[in-house]
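1. please find the sequence and the predicted model below.
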Amino acid sequence: MTTKDLPNWLDPARWLPMTGSEDKAAIRAAILSENPTERELALMLSPAAGEFLELMAQRAQSITKRHFGRTISLYTPLYLSNFCNGGCQYCGLAADRRATRAVLNEAQLRHEMEAIQTMHFEELVLLTGERMPEADVPYLKKCISIAAEYIHNVNIEVFPMSGSEYGELAEAGCTGVTIYQETYDQVVYEEMHRWGDKRDFHARLTAPDRALKNGFRAVGIGALLGLADPAFDMLCVYRHAKYLLKTYWQAGVSISFPRIRPQMGGFQADFPVDEKMLAQYIFAMRICLPDVPLVLSTREPARVRDGMAGVGISKMSIASKTTVGGYSEDSEESTEQFEISDERTIPEFCEMLRSKGLEPVFKNWDSTYREPAAYAKA
């Protein structure tokens with residue numbers, strides 16, 4: 001994919017210069033703006049804006065409360081398979097890692113779903129590696145149908161698909177797809193993805209379009225912070241979100257903020273993002289996208305998640321396992337994709353939320369609304 005093939009919203013010619021010496025008055029005005037644009041976001045992402053973190057936090061918290069109340073939506077992930085053909089340098093499940101490979105069969109999946117159901121979750125994300133014979137579209141379709149018997153809101157975080165394949169999964173009961181571009185820097189993207197289907201930058205970039213055109217109701221996007229210039233990637237995520245919200249105005253769009261975590265292979269981030277930077281990016285995105293759900297997973301340590309809950313972040317995973325299965329007593333542990341940091345139990349986590357005046361929400365919709373989105377049929 002060349003620069004000329006990029007969608008208009010990702011056109012490099014439209015980038016705003018960030019010198020690192022932005023005017024402090026302009027940064028303050030950006031934070032307090034009632035109608036912030038990409039220009040204000042660029043100012044808030046700049047290194048100089050780090051001095052205004054408290055003001056950004058106050059503004060982000062006020063906006064979050066206004067649009068999401070005092071609630072935090074909760075979900076949990078379930079890894080169906082860790083087979084993968086990818087050569088991602090940063091992933092513990094890349095094809096050249098000495099990982100123990102596993103895939104859930106129907107009986108094992110039902111045991112996992114029964115265990116998850118006792119936790120009262122009503123939102124689940126099913127995950128796999130890249131497309132493999134062990135976990136292809138027919139396998140996913142079957143797993144989604146089974147999961148939908150237990151959970152109202154079934155989402156996927158898997159490999160990019162064709163429009164017709166997304167349509168099949170929507171008909172099976174899948175409602176949302178999460179697909180991180182990892183990095184929007186094409187040069188770094190090619191360096192990070194050494195081989196496999198995931199090397200196709202364009203196929204991944206356009207996957208949310210194909211999903212929303214074929215029956216999905218929601219998409220989650222994000223960049224893996226640490227792979228490339230994080231401010232650049234955050235601007236790209238913002239542009240991507242604005243494009244999706246405008247084009248598929250009836251859809252739900254959410255944004256996640258994953259950072260590089262320790263994993264098999266020992267990859268070290270070339271652009272490390274510390275906790276202060278992460279908070280700055282979350283606050284900036286909340287100010288510029290006031291009604292978009294912002295997600296923070298158990299990749300992050302408890303202190304970070306506690307501080308971000310309700311202050312920009314409106315949705316979190318809990319009780320997460322990054323092994324295949326892991327919820328039922330008879331599940332077999334396999335190599336984790338990455339290490340989680342927040343290992344608190346559901347009661348412990350919910351107690352923390354309530355101590356902050358926040359209410360954990362396990363369910364906010366019903367399966368009767370699982371029909372393919374109206375705009376997909378237009």
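-> Yes, it's here.
2. longest helix anywhere in this structure?
-> helix 230-247 (DSSP state H).
3. what helices or strands is that one leaning on?
-> Judged by 3 or more Cβ pairs under 8 Å, 6 or more residues apart in numbering; DSSP states H and E, helix 230-247 is in contact with helix 38-45, helix 207-213, strand 218-222, strand 252-256, helix 275-288. The way it works is simple: take the backbone N, C-alpha and C, and place the C-beta from them, glycine included.
4. could you check the angle that helix makes with helix 38-45?
-> Interaxial angle, helix 230-247 versus helix 38-45 (axes from the mean of the first three to the mean of the last three Cα atoms, to 10 degrees): 150 degrees.
5. now helix 230-247: mean pLDDT?
-> Throughout helix 230-247, pLDDT has a mean value of 96.
6. contact partners of that helix?
-> With contact meaning Cβ atoms under 8 Å, 6 or more residues apart in numbering, helix 230-247 is reached by 7, 9-10, 15-16, 18, 38, 41-42, 45-46, 181, 183-185, 208-209, 212, 219, 221-223, 225, 227, 251, 253, 255, 271, 273, 277, 281, 284-285, 288-289, 292.
7. picking up where we left off before, so which of the helices and strands packed on helix 230-247 comes closest to Leu126?
-> The minimum distance between Leu126 and the helices and strands packed on helix 230-247 falls on strand 218-222, with 13.1 Å, by Cβ to Cβ.
8. identify each buried residue in the helix or strand containing Gln61, please.
-> With secondary structure defined by DSSP states H and E, Gln61 is part of helix 53-68. Neighbour-count burial for helix 53-68, counted by 16 or more other Cβ atoms under 10 Å, picks out Met56, Ala57, Arg59, Ala60, Ile63, Thr64, Lys65, Phe68.
9. give me the distance from that helix to the chain's centre.
-> 21 Å (Cα atoms, centre = their mean, to the nearest Å).
10. so which elements touch that helix?
-> By 3+ Cβ pairs under 8 Å, 6+ apart, helix 53-68 packs against helix 24-32, helix 275-288.
11. can you dump the C-alpha atoms of the helix or strand that that helix is followed by in CSV for me?
-> Going down the chain from helix 53-68, the next helix or strand is strand 71-79, by DSSP H and E. Output in CSV follows, covering the C-alpha atoms of strand 71-79 (Å, rounded to 0.1, in the frame of the first residue of the first chain):
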residue,chain,number,x,y,z
THR,A,71,-20.8,4.1,35.7
ILE,A,72,-18.1,1.8,34.4
SER,A,73,-19.1,-0.8,31.9
LEU,A,74,-17.4,-4.2,32.4
TYR,A,75,-16.5,-7.1,30.1
THR,A,76,-14.1,-10.0,30.0
PRO,A,77,-12.1,-11.6,27.2
LEU,A,78,-11.9,-15.3,26.3
TYR,A,79,-9.1,-16.7,24.2
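12. for the helix or strand just after strand 71-79, give me every contacting residue.
-> With elements assigned by DSSP H and E, the helix or strand that comes after strand 71-79 is helix 106-117. Helix 106-117 is touched from outside by 76, 78, 80, 104, 124, 142-143, 146-147, 149-151, 325-331, with contacts defined as Cβ under 8 Å, 6+ apart.
13. in the next helix or strand after helix 106-117, what counts as buried?
-> Per DSSP H and E, the first helix or strand lying C-terminal to helix 106-117 is strand 123-127. For strand 123-127, burial by neighbour count (16+ other Cβ under 10 Å) applies to Glu123, Leu124, Val125, Leu126, Leu127.
14. save those as JSON lines, and put in pLDDT and distance to Met234 too.
-> Below are the buried residues of strand 123-127 laid out as JSON lines (pLDDT from 0 to 100; distance: Cβ to Cβ, whole Å):
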{"residue": "Glu123", "pLDDT": "94", "distance to Met234": "25"}
{"residue": "Leu124", "pLDDT": "95", "distance to Met234": "28"}
{"residue": "Val125", "pLDDT": "96", "distance to Met234": "22"}
{"residue": "Leu126", "pLDDT": "97", "distance to Met234": "27"}
{"residue": "Leu127", "pLDDT": "96", "distance to Met234": "24"}
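15. among the residues you listed, which two are most distant?
-> Maximum distance among those (Cβ to Cβ): 13.7 Å, for Glu123 and Leu127.
16. for the residue nearest to the spatial centre of the chain, report the pLDDT, please.
-> Centroid-nearest residue in the chain, with Cα atoms, centre = their mean: Ser256, separated by 3.8 Å. In this model, Ser256 is scored at 97, pLDDT.
17. check Phe201 too.
-> The model's pLDDT for Phe201 equals 95.
18. and what of Arg14?
-> Reported pLDDT at Arg14 in the predicted model: 67.
19. Glu343 now?
-> In this model, Glu343 is scored at 83, pLDDT.
20. would you mind measuring from it to Trp195?
-> Between Glu343 and Trp195 the computed distance is 33 Å (Cβ to Cβ, to the nearest Å).
21. repeat that for Ser46.
-> For Ser46 relative to Trp195 (Cβ to Cβ), the value is 36 Å.
22. between the two, which is the more surrounded one?
-> Higher neighbour count among Ser46 and Trp195: Ser46, with 20 against 13, using other Cβ atoms under 10 Å.
23. before we move on, back to that, now the residue nearest to the residue nearest to the centre of the chain when sequence neighbours are not counted: how far from Tyr184?
-> Spatial nearest neighbour of Ser256, excluding adjacent residues (Cβ to Cβ, 6 or more residues apart in numbering): Gly222 at 3.8 Å. For Gly222, the distance to Tyr184 (Cβ to Cβ) stands at 11 Å.
24. alright, that wraps it up for me.
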